[in-house]
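Trainee: Could you work out the structure for the sequence below:
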Amino acid sequence: MALKVTDYAALTTYLDGVMNEVRDIKVAEMKTSTMLFNVVDEARRTHIEQLLHGVKGIEEVADGSAFPRLTSDEGDQFTLTQSQYGAIVPVTQLMREWDQAEQITEIATSVMDEAMDKLDQSYADILLNGFATTAYTDVWGKSITPTGPDALALFSASHTNGTTSTTFSNLVNDGTNNNPALSRSAIVNERARGLKCIRLSISQNQ
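Mentor: Next up, the predicted model:
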């Protein structure tokens, strides 16, 4: 049977009904919770780190001999737990309509600046309390105990391995003085000392 122009209206109504029925069925079958809260990349909130104090075992290998196995000493274990910080930025209908002074941009920029400043301060507090062993309250209002697994301060001069009698020092020195005021020279000198210790450790283990 040939399709006539006069059939278009009825056919359109029929097709609309079919499409609406299919839509209703599909919407009813949708798993909205999966769509809204689906996380493609998953990450653990808590990380357990294991310190390793040196690896050794590299030796000269004669022809036909088996390669030696590497050995290492495990040190302290510590746990890192991620935290989430945020805030709701209020944006009103009138702000969008009358935003001649770019209020939305100012508010968003201001709250981001505050967040980054607090993150920087929380990291700085770790160094500022590097000689302390009692808890302090950080910028987020959380109580932080500035000691490691061995109950010693970060900048203690007597951190121990845990499996051997080796003693490690996190003491700050600016090249002349121990326990100086926190400064660029102190940080530069400690970075240089740390790199030197790493090279010595590798040389000794080999």
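Trainee: What score does Ser65 have for pLDDT?
Mentor: The per-residue pLDDT reported for Ser65 equals 91.
Trainee: from here on, count from 6
Mentor: Done: numbering now begins at 6, and the last item shifts to Ser70.
Trainee: Regarding it, what is its secondary structure?
Mentor: Per DSSP: H, G, I helix; E, B strand; the rest coil, the secondary structure class of Ser70 is coil.
Trainee: doesn't Leu200 fall inside a helix?
Mentor: Yes - assessed by three-state DSSP, Leu200 belongs to a helix.
Trainee: ok, now how distant is the residue positioned nearest the centre of the chain from Arg49?
Mentor: Taking C-alpha atoms, centre = their mean, the centroid of the chain lies closest to Gln87, which sits 6.4 Å from it. Here the criterion is C-beta to C-beta, to the nearest Å. By it, Gln87 lies 9 Å from Arg49. Heads up, the C-betas are built off the backbone N, CA and C, glycines and all.
Trainee: so what does the longest helix along the chain touch, helix or strand wise?
Mentor: When the chain is parsed with DSSP state H, its longest helix is helix 108-133. If contacts are counted by 3 or more C-beta pairs under 8 Å, 6 or more residues apart in numbering; DSSP states H and E, helix 108-133 sits against helix 98-102.
Trainee: chain center to the helix it packs on, what's the gap?
Mentor: Averaging C-alpha positions (C-alpha atoms, centre = their mean, to the nearest Å) puts helix 98-102 36 Å from its chain's average.
Trainee: what's that helix in contact with?
Mentor: Helix 98-102 has contacts (C-beta atoms under 8 Å, 6 or more residues apart in numbering) with 108-109.
Trainee: can you pull out the helices in the chain?
Mentor: 13-34, 37-42, 98-102, 108-133, 189-210.
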